[in-house]
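Engineer: I would like the atomic coordinates for the input below:
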Amino acid sequence: MRRGARAAGGFAFGGLALGLWLAAMGVAGSAQAATRVAVFPFELFDTSGEASLSGPKPEEAHRLALITDELRRRISAAGYQVVDLSPEEAKIADAAPFRNCNSCELPIARRLGADIEVIGLVQKVSNLILNINFQLRDVATGKVLRAGSVDIRNNTDESWMRGVSYLARNRLFDPPLTGKAAP
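Structural biologist: Numbering: from 1, shown residues only. Now for the predicted structure:
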């Protein structure tokens, strides 16, 4: 029994030494580092004639937060590291809406240490017709890696969630992301 304990201890020490050597060589660290993703809040572009100067209606602001959180959850579940945006919250608010700022969110994503970013837009055509869009971009180059759009009918939590679910399954992760955008 003593001989088995010594052998097990030797294997444990050898495994630890190998792990430390791989980490020192940069092999283990790079293999384990998840791709960092900045998922910016979805924005509403209301072309329905119902838009107000004060911003989205409370129920639509709730739905924007709901689908943003759902997309973050799905990205995290796929093995990506979702970046905390709170250190740049004031700059994000100043730059919004991103659809009008000519990629002004890229420097924000860079400062946050993101590898890729996701921006989203919900266009409200009418109270029954909406369109959910997203772009996934390489933060270093600004190159669009993926984009998607889905039309939804009905302005409810369920319809918005179904739309973002469709986009995640059929545009964001299918086919699987490769290269720098892989988890």
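Engineer: buried residues in stretch 45-61?
Structural biologist: Neighbour counts over stretch 45-61 (16 or more other Cβ atoms under 10 Å) mark Phe45, Asp46, Pro56, Lys57, Glu60 as buried. No exception for glycine: its C-beta is placed from N, CA and C like everyone else's.
Engineer: In those residues, find the pair that's most separated.
Structural biologist: Largest separation among the buried residues of stretch 45-61 by Cβ to Cβ: Phe45 and Lys57, giving 13.8 Å.
Engineer: just for the protein, where's the confidence low?
Structural biologist: 1-32, 53 (pLDDT under 70).
Engineer: and Val118, bridged to which residues?
Structural biologist: Val39, Leu136 (DSSP bridges).
Engineer: What about it, how many residues nearby?
Structural biologist: 24 (other Cβ atoms under 10 Å).
Engineer: check contacts around it.
Structural biologist: Contact analysis of Val118 by Cβ atoms under 8 Å, 6 or more residues apart in numbering lists Val37, Ala38, Val39, Phe40, Leu71, Ile75, Phe134, Gln135, Leu136, Arg137.
Engineer: What distance do you get for it to Asn133?
Structural biologist: From Val118 across to Asn133, the span is 11 Å (Cβ to Cβ, to the nearest Å).
Engineer: How about the secondary structure of Ser149?
Structural biologist: The three-state label for Ser149, taken from DSSP: H, G, I helix; E, B strand; the rest coil, comes out as strand.
Engineer: Distance-wise, check Ser165 relative to Arg146.
Structural biologist: 16 Å.
Engineer: who's more crowded, those two?
Structural biologist: Arg146 (18 against 15).
Engineer: Tell me which stretches of the protein form helices.
Structural biologist: Along the chain, the segments classed as helices by DSSP state H run 2-25, 27-32, 58-77, 89-95, 105-111, 157-167.
Engineer: Which residue is the nearest non-sequential neighbour of Leu106?
Structural biologist: Excluding its sequence neighbours, the residue lying closest to Leu106 (Cβ to Cβ, 6 or more residues apart in numbering) is Gly142, at 5.6 Å.
Engineer: Would you confirm that the one you found contacts Ser103?
Structural biologist: Yes: between Gly142 and Ser103 there is a contact at 5.8 Å, judged by Cβ atoms under 8 Å.
Engineer: which neighbours do these two share?
Structural biologist: Counting by Cβ under 8 Å, 6+ apart, Gly142 and Ser103 have no shared contacts at all.
Engineer: Pull the contacting residues for the residue most central in space within the chain.
Structural biologist: In the chain, the centroid-proximal residue (Cα atoms, centre = their mean) is Val39; its distance is 3.7 Å. Taking Cβ under 8 Å, 6+ apart, we find Val39 in contact with Thr68, Leu71, Arg72, Ile75, Val82, Val83, Leu85, Glu117, Val118.
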